[in-house]
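Chemist: Predicted model follows, preceded by the sequence.
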Amino acid sequence: MNVMHNVSRVVHDRVSPNQLKTLSVNCDGPINALDTSKDNSQVVVAGRSVFKIYSIEEDKFEEKLNLRVGKNLNLNFSSTDVAWNHIEDHYLASAATNGAVVVWDLNRHSHSKQDFVFSGQHKRTVNRVRFHENDAHLLLSGSQDGTMHIFDLRKKESSTVFKTGNSIRDVQWCPPRFNDFFFAAADESGNVHMWDMRRPDRYEKQITAAHNGPVFTVDWHPEERNLFATGGRDKTIKIWDFPKNQVVHQIHTLASVARIRWRPQRRHFIASCSFVVDFSVSVWDINRPYVPFASFDKHTDVATGIIWRKDDPHVLYSSSRDCYLYQHVFKDAKRPADELVPAGLDMSIHGDISYATLDKPDLTVKTGRFFTTPKKDVSKTDEFLTYKNSLMFVISNTNKCLSMAYFVDCARNYQLSGAPLQEMCEHNAELAERYNNDQVAQSWRILKVMFTSSSEPTQRVLNATRKETQQEILSEAATPTNQIGNGDADNSSNTDSEEEEVVNKEDLTNIARGQIPEEWGILFADGDQDIPYNNIDGLQEFSLQPEAFQPRHEIKDLGTPLDSIQNGHDSPTISANESENNLLSFPTYSNGKEEDEVLGLFRNTVELPEFIFPHFVSKMLYHYAEQGDVQTAVCILSVLGPKHRPQIEPEVQENWFLSYLDLLARFQLWTTSNKIIKLCHLPLVSSLNQQSTRIHVNCHRCNRPLQRVGWLCDRCKLVINNCSVCHLPVKGLFIWCQGCSHGGHLGHIKEWFGENKQCPTGCGHLCEFT
């Protein structure tokens, strides 16, 4: 009988028993929240610039009342949330951005329906307000200032205050059929607390780190006492077993979860909407967490509020920042599961390929393994809830081209820093060649030529110029006739280049001491070389003997080929023909060293066009990234460094680095991953290893985080580093449970959990010792 009842529910999800249809209305402003009246005949929408009540007609929404009226429209009319009283339906409550909680009475005979304003209790924005379902005079609020208030409408004051250390994002009363005094609160630290309104000093129960980030929404199951749902920024909806503090189901969504609501009369269905990216409202079956059971995609901006029509699982109301209010009917919903392709293909990190389909595939590959699911006859109405008969074929990796050994070896052995650029490029090229990846190896060698060889000609030019200058200085110092001769010394110094010799350092030293080398004896007459060097300035008349130097031919100053280049075609001292002849008659050298020096002089005198390497490097990196080889792209960026790195958008580089880090994490290459983070120049990536480096220790009595260094709780004045087994202070390694905050000596705790599962203090917590 129970099976037939469930099947009938699935059938009726397609066709609603009533004749309602999808409706919409433009509310003339972005909407932050909505709620329905007790009899489902009206709906209220609230936002920063809108506050209206609509009556729900058969074929339209009709505006009944605009509450945003009056002369003094202050921040009390700017609402972040709204709630309708479940018992006395003429009362409304709204949460304001200035920290006020406003109560509205629709039975007031004045133009303004504002009844009372609770101001001063909250110091920051109020995020949520909720009326008690059994007591019409109790109103619960949660604020960004970390406090929660229960207001008594009869006394018009706050009767109870609840304080936490973090901003409150959502509060929800427990269904009265289970507990009349409990409510849940979610905060931005990722914790969920269960409070008893009769005990404001401390919470009754806590779910620590319920989500990886802030928890934005909570909701109690209307029928199951032990089920409780939470949604957060980590893109997950978690279904908790409340007494055990365990996650029994987890749903993965496309974006951060903003609101969740259990579907009435459907035990395993829950609706959700997102903060960003996803504009649709999704309805999930918690037994199939990856594909929505139904989806409503009428909104053009993110949905900000969802609520089911009371006791009707086929009608859902939603509001959005696109200013529209919608009534969704299930018969118009999209079914994403119907559009899925009944086949799958995936490859493991080791290169194994798996292929799943409904029918046996016709594969040409003969090596592999088949896996089949047990055959089961599934009815049409039960297709979504149960799996279909399928077959999976797994092909083991036998081809080296699919192997990831190349990726792992390169990640471990690529040289990215600590050596000259040419050495790193050559090392990485040889590593790529080892795996026959010639394209990557050639890319590394091209980088080596681009950014290392381009600087060598310049250095050789500087060396040649410096050496030429030294030769000129030495030649001048080796010719004493320039200072002691008459006017004929200038002409006699211009001899043929074949007769010039470079003076070595020993000759210069002898000259400085006043000793003339013997081989220079032909330059002086007998006895002239005995003239002391320090008296050479006193000689007024001195000339070479006629036979000391006999020129072989008349010396003519024809200039050098370089003079024609320096003067250019516009020089008045040389004609174009003469310049051409001089260039054509430029001497050839058999010595490569002299040729390099001449080429270096040409580079000094002729401006060569600059070759723009970064542009081509950028195209190469984009090519590798598009091919999926982010490893090569990231490693090249790391090797080039700030000096040669091409100009690529930071967002693109961040995507490459994060993708590469994700691949390294899959292979558990943590050391390499940290090295990449350290070498990265992008702030978003380089700060990854600086996050989550601190573990907050809580007091095991009051669960309050320790505010200062040490093991002393400021609140209860208790030393918390005592061992839970031997009750003595721990002076060595201290092992600590983040769930119940108890701990002790490593050896004692290890011995205890070898035989037990619960905490040794008797608190009842199931500590996980790994």
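Modeler: It's in. Quick caveat: nothing in here was measured; it's all calculated off a predicted structure. Residues are numbered from 1 along each chain as shown.
Chemist: ok, now how distant is the closest residue to F667 other than its chain neighbours from H314?
Modeler: Nearest non-adjacent residue to F667, counting by C-beta to C-beta, 6 or more residues apart in numbering: V408, 5.7 Å away. Bear in mind the C-beta positions are built from the backbone N, C-alpha and C, glycine included. V408 sits 54 Å away from H314 when distances are taken as C-beta to C-beta, to the nearest Å.
Chemist: what about those two, which has more around it?
Modeler: Between V408 and H314, H314 has the larger neighbour count (other C-beta atoms under 10 Å), namely 22 against 17.
Chemist: can I assume that one is in contact with H328?
Modeler: No. With contact defined as C-beta atoms under 8 Å, H314 does not count as touching H328 (9.2 Å).
Chemist: ok so, going back, so where does the residue nearest to F667 fall, helix or strand?
Modeler: Per DSSP states H and E, V408 falls inside helix 405-413.
Chemist: in that helix, what counts as buried?
Modeler: Neighbour counts over helix 405-413 (16 or more other C-beta atoms under 10 Å) mark Y406, F407, V408, C410, A411 as buried.
Chemist: just for the chain, where's the confidence low?
Modeler: The model of the chain has pLDDT under 70 over residues 1-18, 349-350, 359-390, 393, 396-403, 453-612, 692-696, 707-710, 770.
Chemist: on that earlier part again, which residues touch the helix holding V408?
Modeler: For helix 405-413, the surrounding residues in contact (C-beta atoms under 8 Å, 6 or more residues apart in numbering) are 428, 431-432, 434-435, 437, 631, 635, 663-664, 667, 669, 672.
Chemist: Turn the buried ones among these into a named PyMOL selection, would you?
Modeler: Selecting only the buried entries of these in PyMOL, with 16+ other C-beta under 10 Å as the criterion:
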select buried, resi 428+431+432+435+437+631+635+663+664+667+669+672
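Chemist: Turn the contacts of helix 405-413 into a markdown table, including distance to L728 and secondary structure.
Modeler: Formatted as a markdown table, the contacts of helix 405-413 follow (distance: C-beta to C-beta, whole Å; DSSP: H, G, I helix; E, B strand; the rest coil):
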| residue | distance to L728 | secondary structure |
| --- | --- | --- |
| N428 | 56 | helix |
| L431 | 55 | helix |
| A432 | 59 | helix |
| R434 | 57 | helix |
| Y435 | 57 | coil |
| N437 | 60 | coil |
| Q631 | 52 | helix |
| C635 | 52 | helix |
| L663 | 47 | helix |
| L664 | 43 | helix |
| F667 | 43 | coil |
| L669 | 41 | coil |
| T672 | 43 | helix |
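Chemist: of all the contacts of helix 405-413, which comes closest to P336?
Modeler: Minimum distance to P336 across these is 29.3 Å, recorded for L663 (C-beta to C-beta).
Chemist: Might you report the residue contacts of that closest one?
Modeler: Per C-beta under 8 Å, 6+ apart, neighbours of L663: F407, V630, Q631.
Chemist: try P264
Modeler: Neighbour list for P264: P222, W308, K310, D311, D312, P313 [criterion: C-beta under 8 Å, 6+ apart].
Chemist: burial measure for S189, as a count.
Modeler: S189, neighbours per other C-beta under 10 Å, totals 18.
Chemist: Torsion angles phi and psi at it?
Modeler: The phi/psi pair for S189 (degrees, to the nearest 10) reads phi -90, psi 0.
Chemist: that older thread, so which pair among the contacts of P264 is furthest apart in space?
Modeler: Maximum pairwise distance in the contacts of P264, criterion C-beta to C-beta, is 13.1 Å, between P222 and D312.
Chemist: Pull the residues that contact stretch 44-56.
Modeler: For stretch 44-56, contacts defined as C-beta under 8 Å, 6+ apart pick out 23, 25, 27-37, 40-43, 61-68, 77-82, 84, 92, 94, 97, 106, 319, 323, 325, 327.
Chemist: brain fart, stretch 721-732
Modeler: Here stretch 721-732 makes contact (C-beta under 8 Å, 6+ apart) with 711, 719, 734, 742-746, 748-749, 751-752, 759-761.
Chemist: What's opposite A83 in the beta bridge?
Modeler: Note on A83: beta-bridge partners A93, judged by DSSP bridges.
Chemist: Mind checking what secondary structure I251 has?
Modeler: Assigned state for I251: strand (three-state reduction, DSSP: H, G, I helix; E, B strand; the rest coil).
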